[in-house]
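*Asks:* predicted model follows, preceded by the sequence.
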Amino acid sequence: MQFFINVIVPLALADSFTYEVNENEFHYLQVGMRVAVPFGKSKVYTALVLSKHNVPPVAYQAKEIQEIIDSQPIVNETQIAHWKWLAEYYMCTLGEVYRAAVPSALLLESETIVVYKPKKEYLISEFTDEEFLLYEAFQSQAVLKIEEIISILNKKNVFPVIQSLLEKEIIVLNEEIVESYKPKMVKYVKLNPEYDAPEKLKDLMEMLSRSEKQRSLVMKFFQLKAIDKKPITSKTLLEKADVTPAVLKGLISKNIFEEFTLAQDRVVFADVNKQEIVLSDSQQTAFDSVVTSFEKFDVTLLKGITGSGKTEIYIKLIEQILKQEKQVLYLLPEIALTTQLVQRLTKHFGNQVAVFHSKYSSNERVEVWFRVNQNSEKAKVVIGARSSIFLPFSNLGFVVVDEEHEPSFKQQDPAPRFHARDAAIVLAKMHNAKVLLGSATPSLESFYNAYQNKFGLVTLEKRFGNVKLPEIVLIDIKEKHRKKEMKGHFSIDLLDEINQTLIRGEQVILFQNRRGFSPVLECLTCGHVPQCPSCDVSLTYHKFQEHLRCHYCGYTMAKPVKCHVCHSVDITTKGFGTEQIELEVKELFPNKSIARMDQDTTRGKYAFEKLIDAFKNQEIDILVGTQMLAKGLDFDNVTLVGILNADNALYFPDFRAHERAFQMFMQVAGRAGRKDKEGKVFIQTYNPYHNIIQQVTTNDYGSMFKEQMYERLNFKYPPFYRLIRLQLKHVDFQKVKEGSFWLYNLLSKQLEMPVLGPEEPSINRIRNQYIRIILIKIPINIPLNKTKNEIRKSIKSFEAIGAYRSIKTTISVDFY
Ligand code: ADP
Ligand code: ZN
Ligand code: ZN
């Protein structure tokens, strides 16, 4: 009898491949274990076992696997079912889901580059012979390719050695070359094993009879050990015994104590005392309603205004789930995932909290992966950004999706282009777990689901501590310009208010949803605007670096002193970003401390946290920033929020622009006024009578919802239609133009529903690739699968045409 396994490889290819194994391997292997498999002519990939069987493949001769990597599955069957759903729903391959789901350190492949970069101390004597060979090679060359390692070790199966060096944290893989995170090393003391028993204490005391201090240190050590078996740090021991380090040194040189170092756990949190939360009456009512709602609904939407204390309600619910010994997933948009929030949760759940997001290195992600996989006590509550839906939960009991309206929950690139909220709802269903969506400004989709009784709905309309919602003041900048009541980009009214706020010792947030100094540099003589050579956009001027930069591809050039076309020196800037506002504020308030928070100032791993901490500690008076500062941050002393220009968000070419503008303004406004301080929000706009601005001013989500839903229905958009967007890309303008027409014609013939396009998007070229868009609007009552199959077939016919094969087509289901 022959033995086979079906595996997925981390590639955008057909869903699974069959390999041959021997009988022993067959019995050893389990679904969800990794195996290294040869692929194509000379490549090796880390594949995942999907199934075991005895049926040889018909179309090809099955190859043999190269080796088994795991002794335990690292992926469970529920995950595989969920991944299959993702691949089907979001129209990609299972291989693409696998590649996105599993941390790259667990997906070694023949192209992987291995970098020598020890993060811990290690003993050469503990290396195996093969590890030692590699260690030696690394001494003359810090980077090795897999094929080099194969020739150094003179064998093909090199993944286990690499895996072991990875676990010892002596090497890292390709993409981590830039990582600079180092675990903190902590010194511990232990007794020489010879003395490590209570009955030895007397001997020791006699030996040390001449040194009072050394004796008291040893006594202290035995006392501490009796209370707690955990390793004792040198620092604690010295503090408790109240002696100098020299005393310990003396004992170490007498061979009584030994000192050793350990890496502190990566995700370390201070030992905080657990605080009991007492919910306010309205929080308690909301909490009870959520519990009742879960009797009827799998998903409940908690619509609670900013500052209403939704987090405390989540915490109370999580406490209940933990009592049932289940796992909890707490999903947040990447930028809202702050230390602040992690600390708030850790206060209650201590070491049971694990954090998972993209700023963590691959090694750190692997650690969380294994903890979740082992259902470890250290990962009962996982706080993470969208990729945490891929973790190997085996016993998930509850999912919180906070700020559920955030567009960044939808992954744009690469595939799977999933929406984390929706994928989490499906995952929860597979585990029989409940989902709570939280937001002050729910997405139209979720609110509509609640309205239709698909989700439960609980509302919380009071801020915690009865803090009032901020007063909103509209400033008509057209009129202010006419009356000459503007200074730079500031109305006199806003400046006065800033002044008064600062005089009271309170803080100010200024919001401008655009970074850089100004988005356009224009020649006054001929009108020329410098463009990115590879993208169809103008270059943004960054004053600090005196350069122009493309925000799509990163291209930069020095700021021109003369127009490139007519050589005139009369060059001016148009429009403004955060950098310009920061400079203006610095001139207007020279004695105040001013900082800026946007993508440009928060690149480093902890840069964002540092800014937030400084602002929270009131080291900064005025913080200028993009929407980054709107997310789930909680500042006690901010009483004024200024929105410099509300209009560019309103006129963004996107059917969700109005909904998003409403959400963004409400969220930014929500930063004003906490605790006992009432806040004010100044909105500068050319359109004070715009419906969205009016709805923000009166905190009228209901009207916004009604009006936007009417538009969505009229213009055939979600939630009444599902959108599937096809994007075609190629360097040849003509080719992509013809190809997209061809595909469009086929689709509109095959599908009995609106097919739009092929449209040239407002930015029609990025990184030298021309872009065309085809949009399919599927009425909500039409079976989705049938439509998707038609689309798949059409794309297949399209790709079968030689001339179009090189056009790259990507599919985004539920396009955002
Ligand atoms: P939301 O997430 O709904 O905007 P938060 O959960 O951030 O609101 O709560 C706002 C503020 O009120 C926070 O500073 C929080 O610590 C405080 N708070 C909320 N509920 C309680 C409570 N029950 N006891 C003490 N403080 C609370
Ligand atoms: Zn010119
Ligand atoms: Zn560019």
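*Replies:* Yes, it's here. Ligands and ions are numbered 1, 2, ... in the order given.
*Asks:* for G802, see how far away the one residue in the stretch 251-400 of the chain that gets nearest to ligand 2 is.
*Replies:* Using C-beta to the ion, I335 is the residue of the stretch 251-400 of the chain that sits closest to ligand 2, at 38.9 Å. All C-beta spots, glycine's among them, are computed from the backbone N, C-alpha and C. In this structure, I335 and G802 are 44 Å apart, going by C-beta to C-beta, to the nearest Å.
*Asks:* neighbour-wise, which of those two wins?
*Replies:* Taking other C-beta atoms under 10 Å, I335 and G802 do not tie; I335 has more neighbours (21 against 7).
*Asks:* mind checking the SS state of that one?
*Replies:* Secondary structure for I335, judged by DSSP: H, G, I helix; E, B strand; the rest coil, is helix.
*Asks:* up against ligand 1, what does the stretch 501-650 of the chain have?
*Replies:* For the stretch 501-650 of the chain, the residues in contact with ligand 1 under the definition C-beta under 6 Å from any ligand atom are D634.
*Asks:* can I assume the residue of the stretch 251-400 of the chain closest to ligand 2 is in contact with M628?
*Replies:* Yes: the pair I335 / M628 is scored as a contact, 5.5 Å apart, by C-beta atoms under 8 Å.
*Asks:* now do the shared contacts for these two.
*Replies:* Residues within reach of I335 and of M628 at once, by C-beta atoms under 8 Å, 6 or more residues apart in numbering, are F608.
*Asks:* the residue lying closest to Q30 once chain neighbours are set aside - how many residues pack around it?
*Replies:* Excluding the flanking residues, the one nearest Q30 by C-beta to C-beta, 6 or more residues apart in numbering is P73, at 5.1 Å. With neighbours defined by other C-beta under 10 Å, the count for P73 comes to 19.
*Asks:* F370 versus P73, what's the distance?
*Replies:* In this view, P73 and F370 are 12 Å apart by C-beta to C-beta.
*Asks:* give me the pLDDT value at the residue nearest to Q30.
*Replies:* What the model reports as pLDDT for P73 is 96.
*Asks:* near ligand 2, which residues of the protein show up?
*Replies:* Within the chain, the positions lying close to ligand 2 (C-beta under 5 Å from the ion) are 523, 525-526, 528, 563, 565-566, 568.
*Asks:* out of those, which sit inside strands?
*Replies:* In strands, judged by DSSP state E, the following of those are found: C523.
*Asks:* now I162: which helix or strand?
*Replies:* Mapping I162 onto the secondary structure by DSSP states H and E places it in helix 159-167.
*Asks:* could you spell out the sheet neighbours of the helix or strand just after that helix, each with its direction?
*Replies:* Sequence-wise, the next helix or strand downstream of helix 159-167 (DSSP H and E) is strand 171-173. Using DSSP bridges, strand 171-173 pairs in its sheet with strand 113-116 (antiparallel).
*Asks:* so which bits of the partner strand are buried?
*Replies:* Taking 16 or more other C-beta atoms under 10 Å as the neighbour-count basis, strand 113-116 is seen to contain the buried residues 114-116.
*Asks:* contacts for stretch 394-402 next, please.
*Replies:* The contact list for stretch 394-402, computed with C-beta under 8 Å, 6+ apart, reads 76, 78, 310-311, 314, 317-318, 321, 324-332, 336, 373, 375, 409, 420-421, 424-425, 427-428, 431, 433-439, 632.
*Asks:* does it come close to ligand 1?
*Replies:* No: under the criterion of C-beta under 6 Å from any ligand atom, stretch 394-402 makes no contact with ligand 1; the nearest approach is 7.5 Å.
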